[in-house]
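Enquirer: Generate a structure from the sequence data that follows.
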Amino acid sequence: MNSRLHVALVSGLSGSGKSTAINALEDLGFYCIDNLPAELIPRFIELCERSEEMSRAALGIDSRGREFLDQLPRALEEVRKLGHRVEVVFLDADDAALVRRFSETRRPHPLAENGDIVAGIHREREDLSWLRGAADRIIDTSTFNGHQLRAAVKGLFADEGDQSHRLQAQLVSFGFKYGLPAGADLVWDVRFLPNPFYVEELRTRTGREQEVKDYVLAHPAATRFLEIAQDYLEFSLPHYEREGKSYLTVAIGCTGGHHRSVVLVERLEEMLRDREVEVSIRHRDVER
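Expert: Numbering: from 1, shown residues only. Presented below is the predicted three-dimensional model:
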């Protein structure tokens with residue numbers, strides 16, 4: 001049971017980036033709920049208290065729940081009285097930025113009557129002014145893109161030593177004969193290496209076995225490939241992370257996904273872990 005939760009309440013003007021902010025908090029390990037009626041917040045926190053694993057929760061509140069907004073101050077006060085840490089974050093942006101975003105997405109503003117976006121923004125700004133005044137943090141997103149907003153939110157809420165905001169890389173071995181892995185960000189072809197399939201005593205083995213590893217890694221081109229791959233990932237991962245990317249899938253393929261790709265994925269994982277890169281592996285076709 002959690003005696004003290006960290007509760008982030010994310011609010012702000014429509015189009016200011018609340019969904020992006022909540023997604024960033026979810027990446028940090030917050031349990032997130034958007035547009036929960038205010039009167040249900042204390043009940044939700046009680047449920048969180050019963051969890052052994054949940055220590056952080058984020059709630060999205062905005063003008064869509066205006067019929068419940070009047071109950072929000074009392075709901076937050078109840079949560080604070082329970083001893084939980086509550087932070088209110090208000091996302092703001094200037095009118096020009098909000099109008100541009102609604103024009104680009106072609107979404108209707110929730111408070112625009114007869115399609116008058118500017119009037120809807122002004123009404124919402126007035127309706128939420130008390131919440132802006134009560135906020136612990138105000139983020140002006142006028143000049144932010146999505147990556148910059150995610151980085152700003154993660155910078156505010158990532159605990160010291162917290163690794164959950166770091167990019168997580170997944171290395172996937174596969175066979176080209178079965179097609180490319182869905183969702184791969186980078187695809188590397190290692191069919192230029194000698195194929196153990198044509199060595200009779202290795203044909204039925206896989207890259208998980210030492211005999212196959214020894215055969216593949218004995219080739220100088222394999223060693224050189226691993227050096228290049230490691231250098232590239234060590235160079236690019238911080239840049240992907242800086243741009244707000246949370247996950248990167250690197251697919252390494254050989255003909256059938258049994259030998260060369262498996263060996264290289266496992267060896268590259270070892271090399272990256274030695275450099276403290278967050279990495280996991282998956283062998284898509286090794287059991288086919």
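
Enquirer: Could you double-check that G29 sits in contact with R56?
Expert: Yes: in this structure, G29 sits in contact with R56. The criterion is C-beta atoms under 8 Å, and the distance is 5.8 Å. Bear in mind the C-beta positions are built from the backbone N, C-alpha and C, glycine included.

Enquirer: Can you show me the CA trace of the host helix or strand of V79 as CSV?
Expert: Secondary-structure element containing V79, defined by DSSP states H and E: helix 72-81. Listed in CSV are the C-alpha atoms of helix 72-81, where the atom choice follows Å, rounded to 0.1, in the frame of the first residue of the first chain:
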residue,chain,number,x,y,z
LEU,A,72,-11.9,20.4,-8.3
PRO,A,73,-10.5,22.6,-5.5
ARG,A,74,-12.3,20.4,-2.9
ALA,A,75,-11.2,17.2,-4.5
LEU,A,76,-7.6,18.3,-4.6
GLU,A,77,-7.8,19.4,-0.9
GLU,A,78,-9.0,16.0,0.0
VAL,A,79,-6.1,14.4,-1.7
ARG,A,80,-3.6,16.7,0.0
LYS,A,81,-5.2,16.0,3.4
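
Enquirer: buried residues in the helix or strand that that helix is followed by?
Expert: Proceeding N to C from helix 72-81, the next assigned helix or strand is strand 85-92, under DSSP H and E. Neighbour-count burial for strand 85-92, counted by 16 or more other C-beta atoms under 10 Å, picks out V86, V88, V89, F90, L91, D92.

Enquirer: Redo these as JSON lines? Include pLDDT.
Expert: Written out in JSON lines, the entries for those read as follows (pLDDT from 0 to 100):
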{"residue": "V86", "pLDDT": "92"}
{"residue": "V88", "pLDDT": "93"}
{"residue": "V89", "pLDDT": "93"}
{"residue": "F90", "pLDDT": "94"}
{"residue": "L91", "pLDDT": "94"}
{"residue": "D92", "pLDDT": "93"}
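
Enquirer: Which of the residues you listed sits closest to I61?
Expert: The shortest distance between I61 and any of the buried residues of strand 85-92, using C-beta to C-beta, involves V88 and amounts to 9.0 Å.

Enquirer: Wait, the closest one touches A135, no?
Expert: Yes: checked against C-beta under 8 Å, the pair V88 and A135 is within contact range at 4.6 Å.

Enquirer: what is in contact with the two at once?
Expert: Taking C-beta atoms under 8 Å, 6 or more residues apart in numbering as the criterion, V88 and A135 both touch S11.

Enquirer: what residue of this protein is the furthest out?
Expert: No residue in the chain has its C-alpha farther from the mean C-alpha position than E200, which lies at 44.8 Å (C-alpha atoms, centre = their mean).

Enquirer: related to what we said a few turns ago, the buried residues of strand 85-92: which two are farthest apart?
Expert: That would be V86 and D92, which, of the buried residues of strand 85-92, are the farthest apart (C-beta to C-beta) at 19.6 Å.

Enquirer: Point out where this protein drops to low pLDDT.
Expert: Scanning the chain for pLDDT under 70 picks out 1-3, 65, 159-166, 244.

Enquirer: what ranges do the helices span in it?
Expert: 18-27, 41-49, 66-69, 72-81, 95-105, 117-127, 129-133, 146-157, 210-217, 220-242, 260-274 (DSSP state H).

Enquirer: excluding its backbone neighbours, what's nearest A57?
Expert: Y31 (4.8 Å; C-beta to C-beta, 6 or more residues apart in numbering).

Enquirer: I'd say the one you found and M54 touch.
Expert: Yes: here Y31 reaches M54: they are 5.4 Å apart, a contact under C-beta under 8 Å.
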